[in-house]
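Visitor: could you work out the structure for the sequence below:
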Amino acid sequence: MPDGSQGSHEVAQRLLRGEKYKSLRKKCQVDLERDKGSEPIIPSPFVPLHIMKEIEVKDKQQYLRKNHPFGRKLGLEERKKCIHCDLVFLAGDYKVFKDRNGDEYICCPNAPECEGTVIDWVDVEG
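Guide: Residues are numbered from 1 along each chain as shown. Prediction:
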């Protein structure tokens with residue numbers, strides 16, 4: 001993953017060289033051609049978390065109830081495992097990041113190093 005010193009132009013260039021996200025690469029290429037010399041716009045949710053802004057959530061239970069993508073009532077004390085980084089954690093330890101469009105993402109406690117979101121968490125027994 002790119003470090004925080006890289007601009008979004010460099011991130012877009014790395015995405016263009018990767019094998020994943022063919023339609024994203026095409027979109028970024030169009031942006032790069034159109035905006036030569038300026039910062040390209042990378043469409044969400046493919047903006048790396050280190051480019052997004054972490055926001056503070058005062059009432060984590062209410063935020064989860066209102067924003068869980070599947071409408072599931074997730075308890076803050078439920079044990080989860082992130083399939084991206086294998087971290088086992090309590091659901092209430094999540095972080096929230098906001099992209100430049102104002103979209104918010106419920107993320108792994110290891111974010112921004114881990115780019116797992118709430119849809120990447122599995123239940124842990126015990």
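Visitor: C-alpha only now, for contacts and for neighbours.
Guide: Noted.
Visitor: now the helix or strand encompassing residue 54: buried residues?
Guide: When secondary structure is defined using DSSP states H and E, the element that contains residue 54 is strand 53-55. Applying a neighbour-count criterion of 16 or more other CA atoms under 10 Å, one finds residue 54 buried in strand 53-55.
Visitor: below-threshold pLDDT in this protein: ranges please.
Guide: 1-50, 126 (pLDDT under 70).
Visitor: which stretches in it count as helices?
Guide: Chain-ordered helices for the chain, with DSSP state H as the definition, fall at 8-17, 22-34, 60-67.
Visitor: outside of the last one, which residues touch it?
Guide: To tie it back to what came earlier, the one meant is helix 60-67. By CA atoms under 8 Å, 6 or more residues apart in numbering, the list of residues contacting helix 60-67 from outside reads 57, 71-76, 92.
Visitor: list only those of these flagged as buried.
Guide: residue 92.
Visitor: nearest to residue 100, of the contacts of helix 60-67?
Guide: Within the contacts of helix 60-67, proximity to residue 100 (CA to CA) peaks at residue 57, which comes in at 17.9 Å.
Visitor: from residue 96, how far off is residue 87?
Guide: Look at residue 87 and residue 96: by CA to CA, to the nearest Å, they are 17 Å apart.
Visitor: more neighbours, those two?
Guide: For the pair residue 87 and residue 96, the greater number of neighbours falls to residue 96 (21 against 15), based on other CA atoms under 10 Å.
Visitor: so what pairs up with that one in the strands?
Guide: On DSSP bridges, the residues paired with residue 96 through beta bridges are residue 55, residue 106.
Visitor: residue contacts, residue 123?
Guide: When the contact criterion is CA under 8 Å, 6+ apart, the partners of residue 123 are 78-81.
Visitor: most neighbours, which of those?
Guide: Neighbour count (other CA under 10 Å) singles out residue 80 as the most crowded of these, with 21 neighbours.
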